[in-house]
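*Asks:* Here is my input; please provide its structure:
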Amino acid sequence: MNRFAKSWVSAAVSLAVGVALLFGLPGVLDDYTLIEVTIYAVMSILGVSLAFIWGFGGILCFGQTAFFGLGAYTYAIGVMNTGDSTVPFLLAIVVPALFAALLGYVIFYGRLSDVYMGVITLTVTLILFNLINSTAGPEWRIGSAPLGGFNGIPAIPTLNWPGQQDEVLSPKDLFYVTFACLLLVYLGLRVLIASKVGRVIVAAKENEQRVLLLGYDARVYKLLCFTLGGAIAGLAGCLFANWGAFTSPTIFGLAQSAQIIIWVIVGGLGTLIGPIVGCVLIQWLTSQIGTQQVFNSNLVLGGILVVFVLLVPRGIVPTLGNLIDMAWRMLRPSARTAKPEKSGIAKVEPDAVPALPLATKEQAS
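*Replies:* Next comes the predicted model:
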């Protein structure tokens with residue numbers, strides 16, 4: 001089985017497991033556990049957004065929480081002004097995407113290096129954090145939605161069915177919507193990566209100069225990748241605001257930005273399912289550490305990051321894939337070498353051809 005076939009088999013298996021979890025978990029979990037699983041799915045969407053632009057686009061963004069927070073605040077402000085959640089839900093995707101497009105245009109068309117890319121995205125996150133944090137007064141409002149400053153925006157209305165303001169989603173419905181969004185994002189990105197556009201994005205990551213020589217403007221494809229990552233992060237922010245009915249400036253915090261990078265590294269850079277696995281494991285571990293006072297969660301996360309960078313640099317999913325592949329090769333029977341058919345022409349190996357002397361000028365004449 002070649003690499004392309006293995007990729008689509010793994011995608012089919014991942015989708016099959018996802019669909020089974022989508023319809024199976026609500027029947028076996030209580031409401032409290034289902035709500036906890038919902039936040040895992042929300043954060044997995046955020047992790048996939050960074051995994052796509054970093055692992056496949058080669059763009060290390062330290063400020064993915066900027067788009068995440070913009071999605072949450074856009075939805076909160078929109079739904080508190082309109083009452084219906086349909087348009088705010090769409091705006092929570094469009095506004096971060098437009099902001100990512102503007103920021104990406106400045107970075108990519110300004111020919112800024114990867115170092116400046118990280119510095120700018122991190123700075124933008126800090127600016128948004130301080131800006132929202134300083135809007136505590138009653139005069140800071142957009143329409144009928146007070147920004148709340150460091151207190152955040154509480155009592156955010158939950159998603160309702162389109163056109164039916166009184167029909168809000170129950171916790172189980174929100175789980176279905178969130179998990180379905182995760183599966184659709186995963187499937188859509190897999191299809192995009194397998195398309196011509198996706199291959200150019202990956203090629204620009206590997207060798208941008210060669211892509212330019214082939215006639216493709218690498219900046220356009222990087223900008224598309226960065227914009228799409230911002231839109232997916234905005235979707236995660238919208239779902240996060242619905243999950244907790246609350247958002248605050250801490251959503252732009254550096255701790256959250258660092259956690260997303262850890263999810264991708266632990267799960268496996270260059271994959272889409274890896275960051276989902278890393279996100280669930282790290283989120284579960286963080287919640288378990290938070291129930292006791294012996295260990296500091298930040299120190300534990302820092303230790304995990306160091307261990308994976310030094311000992312498992314490829315991440316959990318690629319490493320497990322390599323181990324399974326090695327085990328399969330060792331267990332399967334060796335292929336029998338077919339004997340060559342008898343013929344009058346003897347088979348000659350390339351190394352067995354004798355070296356012929358070069359003709360001199362006298363012999364040539």
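
*Asks:* so where do the helices sit in the stretch 201-350 of the chain?
*Replies:* When secondary structure is read from DSSP state H, counting those that start in this stretch, the stretch 201-350 of the chain shows helices at 208-213, 218-244, 254-267, 273-289, 297-310, 316-331.

*Asks:* can you put those in JSON lines and add distance to Glu36?
*Replies:* In short, each C-beta sits where N, CA and C put it, glycine included. Listed next are the helices of the stretch 201-350 of the chain as JSON lines, based on distance: least, CB to CB, whole Å:
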{"stretch": "helix 208-213", "distance to Glu36": "42"}
{"stretch": "helix 218-244", "distance to Glu36": "10"}
{"stretch": "helix 254-267", "distance to Glu36": "17"}
{"stretch": "helix 273-289", "distance to Glu36": "8"}
{"stretch": "helix 297-310", "distance to Glu36": "17"}
{"stretch": "helix 316-331", "distance to Glu36": "21"}
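
*Asks:* So Pro249 sits against Leu126, correct?
*Replies:* No - between Pro249 and Leu126 there is no contact under CB atoms under 8 Å: 10.8 Å.

*Asks:* ok, the two, which is more surrounded?
*Replies:* More neighbours surround Pro249 than the other of Pro249 and Leu126, with 22 against 15 (other CB atoms under 10 Å).

*Asks:* Assign a three-state SS to Cys139, would you?
*Replies:* Quick fix: residue 139 reads Glu, not Cys. Secondary structure for Glu139, judged by DSSP: H, G, I helix; E, B strand; the rest coil, is coil.

*Asks:* what about it, distance to Gln288?
*Replies:* 43 Å (CB to CB, to the nearest Å).

*Asks:* And for Ile201?
*Replies:* 37 Å.

*Asks:* When these two are compared, which one has more neighbours?
*Replies:* When Ile201 and Gln288 are compared for neighbours, Ile201 comes out ahead with 26 against 12, by other CB under 10 Å.

*Asks:* For that one, which residues are in contact?
*Replies:* Taking CB atoms under 8 Å, 6 or more residues apart in numbering, we find Ile201 in contact with Phe56, Gly57, Ile193, Tyr221, Lys222, Leu224, Cys225.

*Asks:* Quick check, pLDDT for it.
*Replies:* At Ile201, the pLDDT value in this model is 95.

*Asks:* Same check on the one 4 residues further on?
*Replies:* The pLDDT attached to Lys205 in the predicted structure is 92.

*Asks:* I'd guessed it sits against Gly58; true?
*Replies:* Yes - the pair formed by Lys205 and Gly58 meets the contact definition of CB under 8 Å, at 3.2 Å.

*Asks:* These two: who's more crowded?
*Replies:* Neighbours were counted for Lys205 and for Gly58 using other CB under 10 Å; Lys205 has more, 21 against 17.

*Asks:* Quick check: the gap between the more buried one and Pro249.
*Replies:* Applying CB to CB to Lys205 and Pro249 gives a distance of 33 Å.

*Asks:* And the pLDDT at Ala155?
*Replies:* At Ala155, pLDDT is 91.

*Asks:* Chain neighbours aside, what residue packs nearest to it?
*Replies:* In space, and not counting its chain neighbours, Ala155 is closest to Ala245: 6.2 Å by CB to CB, 6 or more residues apart in numbering.

*Asks:* Would you check that that neighbour makes contact with Pro154?
*Replies:* Yes - proximity of Ala245 to Pro154 meets the contact threshold set by CB under 8 Å, at 7.2 Å.

*Asks:* Return the most buried member of the helices of the stretch 201-350 of the chain.
*Replies:* Using mean count of other CB atoms under 10 Å, the stretch among the helices of the stretch 201-350 of the chain with the largest mean neighbour count is helix 218-244, at a mean of 25.

*Asks:* Can you tell me which helices and strands that one packs against?
*Replies:* On a contact count with 3 or more CB pairs under 8 Å, 6 or more residues apart in numbering; DSSP states H and E, helix 218-244 meets helix 31-51, helix 64-82, helix 86-108, helix 171-194, helix 196-206, helix 208-213.

*Asks:* angle of the longest one against helix 86-108?
*Replies:* With axes from the mean of the first three to the mean of the last three CA atoms, to 10 degrees as the criterion, the two stretches helix 171-194 and helix 86-108 enclose an angle of 30 degrees.

*Asks:* Centre of the chain to helix 171-194, how far?
*Replies:* 12 Å (CA atoms, centre = their mean, to the nearest Å).

*Asks:* try the first one
*Replies:* Per CA atoms, centre = their mean, the displacement of helix 31-51 from the mean C-alpha position of its chain is 12 Å.

*Asks:* Same check on the shortest one?
*Replies:* Between the mean C-alpha point of helix 208-213 and the mean C-alpha point of its chain there is a distance of 25 Å (CA atoms, centre = their mean).

*Asks:* List the backbone torsions phi and psi for Phe160.
*Replies:* Small correction: residue 160 is Asn, not Phe. Dihedral pair for Asn160: phi -120, psi 160, per degrees, to the nearest 10.

*Asks:* for Ser170, same thing?
*Replies:* phi -80, psi 170.
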